[in-house]
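[1] Just to be clear, the model below is a prediction. Sequence and coordinates:
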Amino acid sequence: MRSNRIKVGVERCPHRALLFATGVTRRALDRPLIGIASAFSDLVPGHIYMRELERFIERGIEAGGGTPFVFGVPAICDGIAMGHEGMRFSLPSRDVIADGVEAVVQGHSLDGVVFLTNCDKITPGMLMAAARLDIPAIFVTAGPMLSGRYRGKKLAFVRDTFEAVGRYYKGDLSLEELQDLEMEACPGGGSCQGLYTANTMACLTEAMGMSLPYCATSLAVSAEKRRIAYESGMRIVELVHAGVTPSQIIDLVSLRNAIRVDLALGGSTNTILHLLALARERELEEITLSTFDELSREIPHLVMLEPAGDLFMEDLHWAGGIPALQRVLGELLEDHATLSGKSVREIQAQVEYVDHNVIRPRENPYSREGGLAILWGSLAPQGAVVKQSAVRPEMRVFRGKALCFNSEEEAMEAITGNLVPKGSVIVIRYEGPKGGPGMREMLAPTSTVVGMGLSEHVALVTDGRFSGGTRGPCVGHIAPEAFEGGPIALVQDGDEILIDIEARKLELLVTPEELAERKRNFTPPLPKYTRGVLSRYTQLARSASQGAAMR
């Protein structure tokens, strides 16, 4: 066992003394030492039930013959961080989490890890740590939140808070109604109810085989979630004894399967960043932006949850969860081992019920293509990303005049001030990985556009990124970013921009000669931060087209 480094031999007397100080027994030290990397936080609604899940995981580890140790991992709630400086720290926290887990596990020579996670950057950060450490590991995602209720209507976080702000500014909601919605939209703990980033990443973690079946969709408040936590604790000890590590699970096949499930779900655009970063961590250079687009042309869009549709994660779970979706996808998924001990084919074969009102059959999809699309062109030579499943058919081709803003705050001021004319393409730049820094999510402006009734009349492009809750013709991850002199830095008010999702085009309709002249006159901006993690991120972040993780 790896832990023999700290517990076996006369020279390890001081190490054992410190371990005994924690209350463990000699018998406990003879067992595998299992870390529980817990992202518990009172600040994050998706994590508030984790203390109870820690106990169930501990009980499972003990029952399986291991000795558990809980340690903490930082967590940021993207919804609370949204729309201000706090969002700059969200994406960099992914690297902080990976580094922190690596340091604790290596510093204490643990034999295995249970990753207790839920929200947006915590799950991908932990996946990166698991890939980097390559010791036995299993994931427990803490589960989705129940839908809210208000005057007989089901509520979701994004549609009934962020988009409600736009409805208030438009005059469709009173202040009292807005305050009622904010009290009822999130009725308790769990990840936000729609197919936003946290829930999408939970689904992909299960799809690639790193968590037990039904873990992704089982509700945070459910007894089923606690049973899964217990079984995961049991399973990690078996994985340690069997020597099964993440490199045997996270490979080209399982990553392609995760992408396929993502496309069938119509998941968050953020998953592209996270899966690319995970592929870089595993040194799987074959996974690129082109992989997503190639698979998107093969995989039908079968599930329409919030924000694109009106269904919730609870509906997906009761429809059969990720195993049911895997069953419907059938041979479009490649067979592969999972940490559950069952192969993909075995999981598919054991599914007895699929609700086709939620998971459509392949012969009747919402779209013949997957939920995400990659665009290229003169505005995005290295690519850009759009959640095509959340774009109305009449807006899939849009040509409009650029209205440029050098920050999210500038754009929000114009949108809420009714200063965006119909036919505009809102350009928000200097919000990329290095320029932001931190590649902030643009949920506030995109949802306000929807709430104000402009989503069928304007588009939005940015070198920043979007929440999984974004809908409408919104194109993000434009690379190269403005900070590095990409074409988005050279756009001027009034320039025409063409978004053509069908043709996978994002074009700045300015002559090459004019662009070259603007490039010659471009002055790179100074970094916004010279100290702390954001300074390091500015210096070390990769392009969005490579996952935006630090080198």
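    That came in fine, so what should we check first? Numbers count the residues shown, from 1 in each chain.
[2] Mind telling me which residue is nearest the centre of the chain?
    T197 (3.6 Å; Cα atoms, centre = their mean).
[3] got the contact list for that one?
    Going by Cβ atoms under 8 Å, 6 or more residues apart in numbering, T197 touches D78, C119, D120, S268, N270, T271, S467, G468. Every residue, glycine included, has its C-beta placed from N, CA and C.
[4] Please name the residues that touch the first one.
    Residues touching D78, when contacts are defined by Cβ under 8 Å, 6+ apart, comprise M87, S90, C119, D120, K121, T197, E441, S467.
[5] Then the last one?
    Listed by Cβ under 8 Å, 6+ apart, the contact partners of G468 are 120, 194-200, 267-270, 307.
[6] Look at it and report its pLDDT.
    At G468, the model reports a pLDDT of 74.
[7] So it, which state does it fall into?
    Assigned by DSSP: H, G, I helix; E, B strand; the rest coil, the conformation of G468 is coil.
[8] For L212, see how far away it is.
    From G468 across to L212, the span is 23 Å (Cβ to Cβ, to the nearest Å).
[9] Return the set of buried residues in stretch 232-245.
    For stretch 232-245, a neighbour-count test (16 or more other Cβ atoms under 10 Å) marks S232, G233, M234, R235, I236, V237, E238, L239, V240, H241, V244, T245 as buried.
[10] how about JSON lines for these, with secondary structure, distance to G476 and pLDDT added?
    Below are the buried residues of stretch 232-245 laid out as JSON lines (DSSP: H, G, I helix; E, B strand; the rest coil; distance: Cβ to Cβ, whole Å; pLDDT from 0 to 100):
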{"residue": "S232", "secondary structure": "helix", "distance to G476": "34", "pLDDT": "98"}
{"residue": "G233", "secondary structure": "helix", "distance to G476": "38", "pLDDT": "98"}
{"residue": "M234", "secondary structure": "helix", "distance to G476": "41", "pLDDT": "98"}
{"residue": "R235", "secondary structure": "helix", "distance to G476": "37", "pLDDT": "98"}
{"residue": "I236", "secondary structure": "helix", "distance to G476": "36", "pLDDT": "98"}
{"residue": "V237", "secondary structure": "helix", "distance to G476": "42", "pLDDT": "98"}
{"residue": "E238", "secondary structure": "helix", "distance to G476": "41", "pLDDT": "98"}
{"residue": "L239", "secondary structure": "helix", "distance to G476": "37", "pLDDT": "98"}
{"residue": "V240", "secondary structure": "helix", "distance to G476": "40", "pLDDT": "98"}
{"residue": "H241", "secondary structure": "helix", "distance to G476": "44", "pLDDT": "98"}
{"residue": "V244", "secondary structure": "coil", "distance to G476": "36", "pLDDT": "98"}
{"residue": "T245", "secondary structure": "coil", "distance to G476": "34", "pLDDT": "98"}
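[11] from those, which is closest to E11?
    Nearest to E11, judged by Cβ to Cβ, of the buried residues of stretch 232-245 is V240 at 24.2 Å.
[12] show me what contacts the closest one?
    M1, P32, I34, G66, D111, G112, P136.
[13] Between the contacts of T197, which sits nearest E176?
    The closest of the contacts of T197 to E176 turns out to be S467 (Cβ to Cβ; 26.5 Å).
[14] contacting residues for A98?
    Counted by Cβ under 8 Å, 6+ apart, A98 has contacts G125, M126, M128, A129, R132, E281.
[15] Run a quick neighbour tally on the closest residue in space to E394 that isn't next to it in sequence.
    Using Cβ to Cβ, 6 or more residues apart in numbering and skipping residues adjacent in sequence, the residue nearest E394 is E456, 7.0 Å away. Per other Cβ atoms under 10 Å, the neighbour tally for E456 reads 13.
[16] these two touch, right, E456 and P393?
    No. In this structure E456 lies outside contact range of P393 using Cβ atoms under 8 Å: 10.9 Å.
[17] So which residues of the stretch 51-200 of the chain form strands?
    67-72, 112-117, 137-141, 148-150, 153-155 (DSSP state E, counting those that start in this stretch).
[18] how big is the angle separating the third one from strand 112-117?
    Angle of strand 137-141 versus strand 112-117, following axes from the mean of the first three to the mean of the last three Cα atoms, to 10 degrees, is 20 degrees.
[19] quick one: contacts of strand 137-141?
    Residues from elsewhere that reach strand 137-141, judged by Cβ under 8 Å, 6+ apart: 53, 57, 112-118, 123, 126-127, 130, 191, 201-202, 205-206, 210-212, 215-216, 228-229, 232, 235-236, 239, 245-246, 339.
[20] so of the contacts of G468, which ones are in helices?
    T197, A198, N199, T200, N270 (DSSP state H).
[21] Mind telling me the two of those farthest from one another?
    Among the ones in helices among the contacts of G468, the pair separated by the greatest distance (Cβ to Cβ) is N199 and N270, which sit 11.3 Å apart.
[22] Name the residue in these two with the higher neighbour count.
    Neighbour count, other Cβ under 10 Å: between N199 and N270, N199 has more, with 34 against 30.
[23] Pull the contacting residues for that one.
    Contacts of N199 were listed using Cβ under 8 Å, 6+ apart, and they are P144, S191, C192, A216, T217, M313, G468.
[24] mind running it again at 6 Å?
    For N199, the contact set (Cβ atoms under 6 Å, 6 or more residues apart in numbering) comprises P144, S191, M313.
[25] Grab the nearest non-local neighbour of the first one.
    Looking back up the chat, that one is P144. That would be M313: by Cβ to Cβ, 6+ apart, it lies 3.7 Å from P144.
[26] Now for the one you found, how many residues are close by?
    So M313, with other Cβ under 10 Å, has 33 neighbours.
[27] one step back: tell me the one among the contacts of G468 nearest to G485.
    Using Cβ to Cβ, the contacts of G468 come closest to G485 at T269, 23.7 Å.
[28] My read is that that closest one contacts F466, right?
    Yes. If you go by Cβ atoms under 6 Å, T269 and F466 touch, sitting 5.5 Å apart.
[29] Most neighbours among the contacts of V240, which one?
    Neighbour counts for the contacts of V240, by other Cβ under 10 Å, peak at I34, which reaches 30 neighbours.
[30] how much space between S90 and T523?
    29 Å.
[31] Show me the helices in the stretch 401-550 of the chain, by range?
    Using DSSP state H, counting those that start in this stretch, the helices of the stretch 401-550 of the chain run over residues 408-416, 443-451, 512-520, 532-540.
[32] got the contact list for the first one?
    Applying Cβ under 6 Å, 6+ apart, the contact partners of helix 408-416 are Y169, F405, V420, I426, I428, A444, P445, T448.
[33] Now the element after the helix or strand containing E231, going C-ward?
    For E231, the host element (DSSP states H and E) is helix 223-242. Once the chain leaves helix 223-242, the next helix or strand it forms, by DSSP H and E, is helix 252-265.
[34] And that next one, what does it pack against?
    Packing partners of helix 252-265 (3 or more Cβ pairs under 6 Å, 6 or more residues apart in numbering; DSSP states H and E): helix 197-207, helix 289-296.
[35] Show me which of these has the highest average neighbour count.
    Ranked by mean neighbour count, the helices and strands packed on helix 252-265 are led by helix 197-207 with a mean of 30 (mean count of other Cβ atoms under 10 Å).
[36] Quick check: mean pLDDT of it?
    The average pLDDT within helix 197-207 is 97.
[37] quick check, distance from it to the centre of its chain.
    For helix 197-207, the separation from the chain centroid amounts to 7 Å (computed by Cα atoms, centre = their mean, to the nearest Å).
[38] quick one, that helix and strand 112-117 angle?
    Using the same axes, to 10 degrees: helix 197-207 against strand 112-117 is 150 degrees.
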